[in-house]
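Participant: What follows is a predicted protein model with its sequence.
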Amino acid sequence: MKTKILILSLISVFIFSCKSDDENAGTPEIPENQKYLNEITGQDLSIKLTYTPDKKVESVNLGGIMLYLFAYSGDQIETMQYISNDGPDLLYRFTYENNRISSFTINDYNIQMEWNQADRSYFFKNDNQDEITIILNENEDLNKVYHYVHEDDETNMISYFYEDSRKGAMTNSNHVSTYMTIASYFSINSIYAGVLSKKPVKTIAFHGLIFSFENTYDSQEFVSESIVSTGNSSGSPILYNYKQL
């Protein structure tokens, strides 16, 4: 049932988004190395980012419904607060070994993570003994997410494919998609996390559905629009807005 609800949510967000005016039209071009994602918008889609003074991602706001707040120790994310209208609010605190996440706590409940360098994967079990595997590609973008549901004895998977020759929305931003996926590894948030990537996503495969992104790029090869389709259904563009930092 949860999987069916997620599928319907994905279709409504990506396929039925409508076209709005391009806010970047007529504005001066931002230097490539100072170009940071500000917002992704569509009729039912809004992803808004803010940054710290040293240009690290400070928050990701998903339509005013879910909010991720990040705090740092040096260059590493130390805590992530996940705030949802459905509650409860959760505080994640991360520890590291060799610059990889080795464990995290959720409101004082500790979970160990295993990093496998050979296949570039994180593995952990939640408090229900479900098994979660997050595989990253060479750009540290999401590659695959597996969720083995212990109670149902079934495995769900999301796969991500990218256009490696172009620039994604998070080209100059630090990675937050892995952390967002840890907080919500098999929900619509994990799809949002896939769009927040160094390289532009071109396909997301989920539970028998293929979401194809027909991307448009600006003069600097940054993704500027995406038309998302699945099967015979397609939507109008979702728009990527950047700002100078």
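Facilitator: Okay, I see it. Predicted model, so just to flag it, every value in this text is computed and none were measured. Numbers count the residues shown, from 1 in each chain.

Participant: In contact with the residue nearest the centre of the chain, which residues?
Facilitator: The chain has residue 193 as the residue nearest its centroid, 0.8 Å off, counting by C-alpha atoms, centre = their mean. Contact analysis of residue 193 by C-beta atoms under 8 Å, 6 or more residues apart in numbering lists 142, 176, 177, 178, 180, 181. (Each C-beta comes from the backbone N, C-alpha and C, glycine too.)

Participant: how close does the fifth one get to residue 189?
Facilitator: Between residue 180 and residue 189 the distance, using C-beta to C-beta, to the nearest Å, works out to 6 Å.

Participant: out of the two, which sits in the more crowded spot?
Facilitator: residue 180 (25 against 21; other C-beta atoms under 10 Å).

Participant: How far does the host helix or strand of that one sit from its chain's centre?
Facilitator: If you go by DSSP states H and E, residue 180 is part of helix 177-183. On the basis of C-alpha atoms, centre = their mean, to the nearest Å, helix 177-183 is displaced by 7 Å from the centre of the chain it belongs to.

Participant: Send over that helix as CSV, restricted to the C-alpha atoms.
Facilitator: These are the backbone C-alpha positions of helix 177-183, laid out as CSV (Å, rounded to 0.1, in the frame of the first residue of the first chain):
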residue,chain,number,x,y,z
SER,A,177,21.2,13.6,-1.1
THR,A,178,22.7,10.7,0.9
TYR,A,179,21.7,12.3,4.2
MET,A,180,18.1,13.0,2.9
THR,A,181,17.9,9.4,1.8
ILE,A,182,19.0,8.1,5.2
ALA,A,183,16.1,10.1,6.7
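
Participant: what helices or strands is that helix leaning on?
Facilitator: strand 66-73, strand 76-84, strand 90-97, strand 100-106, strand 121-125, strand 131-136, strand 142-149, helix 188-195 (3 or more C-beta pairs under 8 Å, 6 or more residues apart in numbering; DSSP states H and E).

Participant: could you say what helices and strands the longest one packs with?
Facilitator: In this case it means strand 76-84. Applying 3+ C-beta pairs under 8 Å, 6+ apart, we find strand 76-84 packed against strand 66-73, strand 90-97, helix 177-183.

Participant: Buried residues, it. List them.
Facilitator: For strand 76-84, burial by neighbour count (16 or more other C-beta atoms under 10 Å) applies to 77, 79, 80, 81, 82, 83, 84.

Participant: Which of the residues you listed sits closest to residue 172?
Facilitator: Comparing these against residue 172 with C-beta to C-beta picks out residue 77 as the nearest, at 17.0 Å.
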